[in-house]
Structures are given as C-alpha cells and as structure tokens.
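Colleague: sequence unknown, structure follows:
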C-alpha cells in the first residue's frame, strides 16, 4: 500500500508526487453504467458547458487515443477522468452515453468558486476551461486550468495566483470555497536549475524519497507567444532528451503542471464555464449523480466455507514470514532457497522474479494452473502470476482476488542513511500474499459458479506505482476480457489499539457497494462480533481505494472492494507506526486478527464468485 502526500500548496493539481502521487483521476462510472443512446460525443452545440474542441486542440494533440493501454503511472502522467463510458465499457463495445455524468457536489463547487475566480482574473465576465479531478484525499474536485477575458487570450490559473489572492483576502485555508480547495496548475520554469530537476530528473536523482519527474504531467508554453508547444508528453518517449535540451533554453518556456482533460466516450472533453457579470447559469447537458450511499443495503448469504484447515493460522504465519524474508522458502524436496529480501521492482537484481518462481511451485503442488505475465520495466524483468480456481462456467468473467508481492522503500532507513532499501513488508503486503496461498488450499476443488483468479501483482509501491496492476489490466483490455469483481487486500495485519476493526472500501463503480455488503455479511458470520468490519463509502476520507492497486481497476470501470486496516490517510497520526518502516515484521502483526480478516476475504471471494 502506498500513501499520498500533497507536498506543496493546498491548491496545487500536482506537486511532490507519491508518498505522494496526488490527484490521480478516477474512472467515473457511478450508479448504473448502462448506455442510453448511440451518440459518441457531445457536440459544441449541446450547451455552453462544453468547450468547442478547436479551443483546446492544443492541449490534447499528444494525449493517447486509448489511454487505458500501456498506461504510465499516475505520478508520471495522470489517468484522465472518464465522464461517459468507462474504458471497460468502451473495450467491451457498450453504446455511448449522450451526456457526461458527474457527482452533484461538483456543480455546487463551481458555483461557490465564481467570486474567487472573478477576483483572480480581475474581470466580471470571462470564460474558464476546466475539468474534474480528485484532490489529495481522493475526493472529487475541479481543475481550473485557463481563462480568458475581453482580449480573448488564454491565461493559466496557477497555485501562486491562488496563494497571492488568499493571503490578501481569505485569511485562511480554503475560506472562500466549499468542501476544500480548487485545483490549479503548478508553474515551473524549465530553464531554472531546481525546476529542471523537478521536471526531468529521475526519482533516483532526487533528494526526496517519493519525488517523481513531472515531465509527463506538464503543459509547456512558449513564454513570448503563450502558445502550447508540448502538452502531457509521453514520459517514456525516446525524444525526451531532445525536448529537455529545447525546453530548458534560458527564458524560453514555462511549464504548467496539471492533470489532463477528462475523457468522454471516444474523445477528450474540456468544460467551459462562461461567467457574465459575475453570474453563471448551468446547461442541462450533464447527468448529475447523487453521492454514494452512507450505508449498504444488507445482503444475507449462507456461509460457503464450511470448515477451515486446522493449521490455517500457523500456515498463514509461516507464509507471511517467507514472503517478508524472515524465513527461507523451501522447495518440495526440502532444499532451502535464499530469503526474499530485495523486493523493489526498481532494484537491480531484485528478488521478485525468484519469488514468483517459488509461488509457481506452490500452486503446482496443489495442481492449480497458473499463467505468468512477464514484462520489462526500467530494463529489469518483472512478472505477475495468475493462479486459477476453476469455475463451473469458464466463460463467465472471473473474480480477481489480488495482493502485491513487492514492498515499500523503508522510510526510516532512507531518512537516516539516504539509502533506498526495501522494508520487510510483513503487513504491507505479505499478509495478502499469504492470504492468496491459503485461499488456494481452501478453494481448490470447490468449483464456484465463476472462476476465481488469485493474482499476485508486482510493483505496487513507489516508484513502480501500480506497475503490475497496470500491466495486468492492459493485457485484459487488449484481449477484451472482462472481470466480474475485484478484491484487493492490502495491509490487514494490525488494528487501532482500542478496537478490533478493519475497513471495507468500495470503488465508485456500480456493483462495488453490493460486494461490500457481501463482505460485511461474511464478517458477521465468521467473526461473531469479535472483529468489526467498517464500511467506508467512496466519498469518505477514510476510504483508501486511491492508496492501492484497486485504484487502477476503478480507473477502468471494474467494480471492487478493498480490505485494509482501520486508518485515515488524511490524519497521519492514525497510521500504523510500522507502515513503510524497517520494523514491518511479523512480530508487529496481530496474527489472530489478521488470519480472521483473511478468512473473511476468502469467504467474500467465494460469495462473489457464486453471485447471481
């Protein structure tokens, strides 16, 4: 599990990234994803709310036409918000939606910011180009990008402008807005040495642990003409070095770092807000969606796992210690392997490939078929592993029960030595890897209605940032394969000192709340009130979907839920003290608690696989 930290202005749409990747954009397909018409795009005549594409063609010309394939991590270039069909629906051939869909509170947020924007522009009548995004806590917000007044020249809103205004007028953070701060571009000057480093330097060259180059999240503008010369370039492009030489010419260019426009059915879409003498009137060309339910409709199901192996907890503990490098893994013939100590996808000679070799052998012992996805990142070999619990109907989309096999860079070691070595990762996330291994023993031969895929994902932690999940989903979408539902377990080994609670967090995608209800019911059946499962709707700060691989599934429109411990990333004092530390070892896990949560996740996966 990774964490986000804004790292800069409270109004920035991008700043220090990953402990800190901020403002990743969620795939938005809330409350009923069925098509209503065969219309692929909103035309300029459908209402003043949507900008004429000619007015923002300079912003979108380099953006990929299929942003769901071979996606950079969101620290390198943000995933666009899908406001019509999700990418899943596009790939599966769903008919287009006639109008965009947005959360209803975004309407109120625009209306409440008109006076703020008017004071920042200094004009009573003006036009703003904007698009929806998420703030640093994973909540919906607007990016206010450019504006123009009487002279018809586009100008950028910046975080510096916002700070200047607020320091004079607001007397405090967010005083002029409702529900948080609006989001503006982060202005950098590529010819300045410090800004050049922030834009172009590799994470390994940066002083901060979670810094990533901003290059792919920037719009580069000619300072003299104010024309866009490059916008959200491919961070992996072979001509990056050439452009670095050009863009760092003294005083020639400015960089406005902000996430890209939203995506509607088959094209990028920018919203245009036209203000006349301080007044804004809304077009009816948006489907405004209600907030997520604060509680789920209860679902009662029979218990499907009737008995558990007597050695479940003992085996669970042993496999945690193998995955976190405390114990030597052993082959079927009894010979020992070197422990898995080097567990960062970015590390030369990492142990993750050996770990997948070992996992393949474990499933082979159980006669469970596996598929290995091999690929390269930063010139290093990487792998995901998919173990298949066969279903009665192999043509049905599977349930995905997933972990991540890598571990985070140990923050305490980095702070004291400057070295990027990985933490043991007992809780984050060897608990989940062990969960999948135990589920294989419990579920083999069960034959649920639909298959269950046990998916070991690599590279969730910084700097890879959901690497395995992104590769897995690119392959699924390239092959036009669907997924019925997803469970991600991440960080399930501990709890707050005063309560035995863990969280169930659904994505924003329809069907997720139903799966959460199944998990809540499974917790009641299995835990007998000794352990409490707490439901966290997607619009709550405690919902941690945006901190995990599940975000990538949400981006693309797959329903799913997250099992994780009871914590609130907006309140750092609530975090586990061993989180991303060298002290994340098995001795600091509540083993009985964690094993019980693991059983609840396995039971939930089986219920989802038998869902009608």
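Modeller: Looks like it arrived, so ask away. No experiment lies behind these values; they were computed from the predicted model shown.

Colleague: A strand includes residue 534, no?
Modeller: Yes. Assessed by DSSP: H, G, I helix; E, B strand; the rest coil, residue 534 belongs to a strand.

Colleague: what number of residues lie near it?
Modeller: Residue 534: 14 surrounding residues under other CB atoms under 10 Å. Backbone N, C-alpha and C define where each C-beta goes, glycine included.

Colleague: surely it touches residue 499?
Modeller: No. Assessed by CB atoms under 8 Å, residue 534 is found out of contact with residue 499, at 9.1 Å.

Colleague: what's the overlap in contacts for these two?
Modeller: Jointly contacting residue 534 and residue 499 under the rule CB atoms under 8 Å, 6 or more residues apart in numbering are residue 566.

Colleague: the residue nearest to residue 220 when sequence neighbours are not counted: what secondary structure?
Modeller: Leaving out its chain neighbours, the residue that sits closest to residue 220 by CB to CB, 6 or more residues apart in numbering is residue 230, at 4.3 Å. Residue 230 falls in the strand class when you classify it by three-state DSSP.

Colleague: quick one: the helices in the chain?
Modeller: 57-60, 87-91, 104-121, 159-169, 193-200, 240-247, 312-323, 352-365, 411-417, 431-443, 467-478, 512-527, 550-556, 591-609 (DSSP state H).

Colleague: pLDDT weak spots in the stretch 301-450 of the chain?
Modeller: Applying pLDDT under 70 to the stretch 301-450 of the chain flags no residue at all.

Colleague: how close does residue 136 get to residue 351?
Modeller: Residue 136 sits 33 Å away from residue 351 when distances are taken as CB to CB, to the nearest Å.

Colleague: between these two, who's got more neighbours?
Modeller: Each of residue 136 and residue 351 has its neighbours counted (other CB under 10 Å); residue 136 has more, 26 against 22.

Colleague: so the more buried one versus residue 546, what's the distance?
Modeller: The value you get for residue 136 to residue 546, if CB to CB is used, is 9 Å.

Colleague: how about residue 103?
Modeller: 15 Å.

Colleague: compare the two and say which is more crowded by neighbours.
Modeller: Each of residue 103 and residue 546 has its neighbours counted (other CB under 10 Å); residue 546 has more, 26 against 21.

Colleague: check contacts around the nearest residue to residue 549 once chain neighbours are set aside.
Modeller: Leaving aside its chain neighbours, residue 549 sits nearest to residue 469 (4.0 Å; criterion: CB to CB, 6+ apart). With contact set as CB under 8 Å, 6+ apart, residue 469 has these partners: 402, 404, 457, 460, 549, 552, 553.

Colleague: hmm, 7 Å instead?
Modeller: Contacts for residue 469 (CB atoms under 7 Å, 6 or more residues apart in numbering) come out as 457, 460, 549, 552.

Colleague: and stretch 78-97, average pLDDT?
Modeller: Stretch 78-97 carries an average pLDDT of 95.

Colleague: buried sites along it?
Modeller: 78-91, 94, 96-97 (16 or more other CB atoms under 10 Å).

Colleague: what's the neighbour count on residue 393?
Modeller: As a burial measure, residue 393 scores 11 neighbours (other CB under 10 Å).

Colleague: that one and residue 385, how far apart?
Modeller: Going from residue 393 to residue 385 by CB to CB gives 24 Å.

Colleague: do residue 79 as well
Modeller: On the measure of CB to CB, residue 79 and residue 385 end up 25 Å apart.

Colleague: quick check: closest non-adjacent residue to the residue nearest in space to the middle of the chain.
Modeller: For the chain, residue 551 is the residue whose C-alpha lies nearest the centre (CA atoms, centre = their mean; 3.0 Å). Once flanking residues are discounted, residue 551 sits nearest to residue 545: 5.8 Å by CB to CB, 6+ apart.

Colleague: what's the neighbour count on that neighbour?
Modeller: Count around residue 545 with other CB under 10 Å applied: 24.

Colleague: can you start the count at 18 instead of 1 from here on
Modeller: Sounds good: first residue 18 from here, last item residue 562.

Colleague: if I look at the closest residue to residue 268 other than its chain neighbours, what pLDDT would I see?
Modeller: Among residues not flanking residue 268 along the chain, residue 208 sits closest, at 5.9 Å (CB to CB, 6+ apart). On the pLDDT scale, residue 208 is placed at 98.

Colleague: against residue 574, how distant is residue 208?
Modeller: Here residue 208 is placed at a distance of 41 Å from residue 574 (CB to CB).

Colleague: try residue 464
Modeller: Residue 464 is 28 Å from residue 574, where distance means CB to CB.

Colleague: between the two, which one's more packed in?
Modeller: residue 574 (26 against 13).

Colleague: so the more buried one makes contact with residue 103?
Modeller: Yes. Between residue 574 and residue 103 there is a contact under CB atoms under 7 Å: 2.5 Å.

Colleague: residue 540 against residue 547, yeah?
Modeller: No. With contact defined as CB under 7 Å, residue 540 does not count as touching residue 547 (10.1 Å).

Colleague: more crowded one of these two?
Modeller: The neighbour count for residue 540 versus residue 547, taken as other CB under 10 Å, is higher for residue 540 (25 against 10).

Colleague: so who does that one touch?
Modeller: 548, 550, 617.

Colleague: out of the residues you listed, who's the most crowded?
Modeller: Top of the contacts of residue 540 by neighbour count (other CB under 10 Å): residue 617, with 25 neighbours.

Colleague: which ones are touching it?
Modeller: Going by CB under 7 Å, 6+ apart, residue 617 touches 536, 539, 540, 543, 544.

Colleague: quick one: the last one from residue 537, how far?
Modeller: Taking CB to CB as the measure, residue 544 and residue 537 are separated by 11 Å.

Colleague: so between these two, which is more surrounded?
Modeller: residue 537 (22 against 18).

Colleague: identify the bridge partners of the nearest residue to that one once chain neighbours are set aside.
Modeller: Of all residues not flanking residue 537 in the chain, residue 550 sits nearest, at 5.2 Å (CB to CB, 6+ apart). With DSSP bridges as the criterion, residue 550 is bridged to residue 519.

Colleague: related to what we said a few turns ago, from residue 217, how far off is the residue nearest to residue 268?
Modeller: Note on residue 208: its distance to residue 217, by CB to CB, is 12 Å.

Colleague: okay, now residue 314: neighbour count?
Modeller: For residue 314, the tally of surrounding residues (other CB under 10 Å) stands at 8.

Colleague: by mean pLDDT, which helix or strand of the chain comes out lowest?
Modeller: helix 176-186 (a mean of 67; mean pLDDT, DSSP states H and E).

Colleague: who touches the closest residue to residue 481 other than its chain neighbours in this structure?
Modeller: Spatial nearest neighbour of residue 481, chain neighbours left out: residue 362 (4.1 Å); criterion: CB to CB, 6+ apart. Residues in contact with residue 362 (CB under 7 Å, 6+ apart) are 369, 394, 399, 423, 475, 476, 481, 484.

Colleague: how much space between the fifth one and residue 346?
Modeller: Pointing back at residue 475 there. To residue 346, residue 475 is 17 Å away according to CB to CB.

Colleague: so for those two, which sits in the more crowded spot?
Modeller: Ranked by neighbour count (other CB under 10 Å), residue 475 and residue 346 place residue 475 first, with 29 against 22.

Colleague: does that one really touch residue 401, like I thought?
Modeller: Yes. In this structure, residue 475 is within contact of residue 401 by CB under 7 Å, at 5.9 Å.

Colleague: quickly list what's touching both of the two.
Modeller: Joint contacts of residue 475 and residue 401 (CB under 7 Å, 6+ apart) are residue 485.

Colleague: report how many residues lie close to the residue lying closest to residue 204 once chain neighbours are set aside.
Modeller: Using CB to CB, 6+ apart and skipping residues adjacent in sequence, the residue nearest residue 204 is residue 175, 4.4 Å away. When neighbours are counted by other CB under 10 Å, residue 175 registers 23.
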